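Colleague: here are the coordinates; sequence isn't available:
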Ligand SMILES: NC(=O)c1ccc[n+]([C@@H]2O[C@H](COP(=O)([O-])OP(=O)(O)OC[C@H]3O[C@@H](n4cnc5c(N)ncnc54)[C@H](O)[C@@H]3O)[C@@H](O)[C@H]2O)c1
Ligand SMILES: O=C(O)[C@H](O)COP(=O)(O)O
């Protein structure tokens, strides 16, 4: 019986996937290991592979003897060596639209949380105190803030739309989206340098690629406005963690709100877990019952389509099945 291998997952079980695959006559085999040797063994005989955060590098892809597809449980596919898959003729599919509202809402929650100093003022009251916990000049209004959005895809556009009623000035840098698309959304297309130099809030919504890794590093952070903040719900490696921590500790950056970090998880003694001017979450911005269900069902259905030889949606590496 054809087999679908799931390399790793963060869900309590795989019953949803198992039901879809067995109804289609396929068997599910699963592991939950991110080491190359274990990954090679789980994918070796699989006819389709579904993967979440495990690194599917060229060694792991080289071990695939029969795979007709690699499906990423998620939007970003930086954990998969898509070029190695292309060389082997294996299509890689992502799930591009399962959590756009969830991540855009979470971004607004983070932006408002930082702007209105929600977390320190909550902890203050919990600590038995009363009155303003943070200096007055740290409480701002979005009407007075310039927000710089890096990456104007599905999530970046929804963030921009959610910011419109707050009347913030919205700057956008996207390396590929035409400037009319940005203007039509009521935003101002700018260069990355202008965005960093003029924004009070910089929010990242581009993928992790060789061009965007460490987009925010010591040099680019130094170009940011003193007192500005960084919001990152895209990928941890877009930001040089040491440079971010140094800028938060020196006060050059007033704060950060991050759902993703490099590395993940953040080490237990890592400063990003304890700095008072940081809001942090553990890569959960995509979560809602609807989003997780859509993600899991879509991944299983794409595996079924591949095993039936049907045309595949969301192929990101240009390989036709
Ligand atoms: N925290 C989470 O749980 C979570 C959930 C979903 C997505 N994400 C991350 O968010 C990212 C964005 O998601 P999306 O759905 O908006 O993707 P998308 O593909 O719709 O949009 C990404 C945008 O980034 C732009 N871009 C690419 N390279 C760029 C560069 N060098 N400089 C500037 N812009 C560039 C693209 O042109 C595109 O418009 C994903 O790649 C993923 O890594 C995180
Ligand atoms: O469950 C998750 O956290 C999602 O898979 C995140 O992955 P994505 O950021 O690539 O969508």
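Modeller: Looks like it arrived, so ask away. These figures come from a predicted structure and were not determined experimentally. Ligands and ions are numbered 1, 2, ... in the order given.
Colleague: Next, count neighbours for the residue in the chain that ligand 2 sits nearest to.
Modeller: In the chain, the residue that lies nearest ligand 2 is residue 74 (2.9 Å; C-beta to the nearest ligand atom). C-beta: built from backbone N, CA, C; applies to glycine. Neighbourhood size, residue 74 [other C-beta atoms under 10 Å]: 19.
Colleague: Excluding covalently adjacent residues, which one is nearest to residue 185?
Modeller: Excluding the flanking residues, the one nearest residue 185 by C-beta to C-beta, 6 or more residues apart in numbering is residue 160, at 5.5 Å.
Colleague: Helix or strand: which one has the one you found?
Modeller: Counting by DSSP states H and E, the element that carries residue 160 is helix 154-163.
Colleague: tell me the SS of residue 76?
Modeller: Here residue 76 is recorded as coil under DSSP: H, G, I helix; E, B strand; the rest coil.
Colleague: wouldn't it be in contact with residue 235 here?
Modeller: Yes - applying C-beta atoms under 8 Å as the test, residue 76 and residue 235 come out as touching, 6.0 Å apart.
Colleague: intersection of neighbour lists for these two?
Modeller: Both residue 76 and residue 235 are contacted by 207-208, under the criterion C-beta atoms under 8 Å, 6 or more residues apart in numbering.
Colleague: Between these two, point out the one with more neighbours.
Modeller: Neighbour count, other C-beta under 10 Å: between residue 76 and residue 235, residue 235 has more, with 24 against 17.
Colleague: Next, find the distance separating that one from ligand 1.
Modeller: 5 Å (C-beta to the nearest ligand atom, to the nearest Å).
Colleague: do the same with residue 93
Modeller: Noted for residue 93: a distance of 14 Å to ligand 1, by C-beta to the nearest ligand atom.
Colleague: Just checking: what are the partner strands of the following helix or strand past the helix holding residue 160?
Modeller: For helix 154-163, the following helix or strand on the C-terminal side (DSSP H and E) is strand 169-173. Under the criterion DSSP bridges, strand 169-173 sits next to strand 146-150 (parallel), strand 188-189 (parallel) in its sheet.
Colleague: How far does the shortest one sit from its chain's centre?
Modeller: Spelled out, that is strand 188-189. Computed by C-alpha atoms, centre = their mean, to the nearest Å, the chain-centroid distance of strand 188-189 equals 23 Å.
Colleague: related to what we said a few turns ago, pretty sure the residue of the chain closest to ligand 2 contacts residue 52?
Modeller: Yes - the pair residue 74 / residue 52 is scored as a contact, 6.7 Å apart, by C-beta under 8 Å.
Colleague: Spatially nearest residue to residue 104 (excluding sequence neighbours)?
Modeller: residue 158 (3.6 Å).
Colleague: pLDDT wise, what is the one you found at?
Modeller: Looking at residue 158, its pLDDT is 99.
Colleague: Distance of it relative to residue 22?
Modeller: Distance of residue 158 to residue 22, computed by C-beta to C-beta, to the nearest Å: 36 Å.
Colleague: Looking at these two, which one has more neighbours?
Modeller: Ranked by neighbour count (other C-beta under 10 Å), residue 158 and residue 22 place residue 158 first, with 19 against 12.
Colleague: just wondering, since we're on the residue of the stretch 51-200 of the chain found nearest ligand 1, how far is it from residue 206?
Modeller: Residue nearest to ligand 1 within the stretch 51-200 of the chain (C-beta to the nearest ligand atom): residue 153, separated by 1.7 Å. Per C-beta to C-beta, residue 153 is found 8 Å from residue 206.
Colleague: any shared contact partners between those two?
Modeller: Common neighbours of residue 153 and residue 206 (C-beta under 8 Å, 6+ apart) are residue 174.
Colleague: Between those two, which has more neighbouring residues?
Modeller: Taking other C-beta under 10 Å, residue 153 and residue 206 do not tie; residue 206 has more neighbours (23 against 17).
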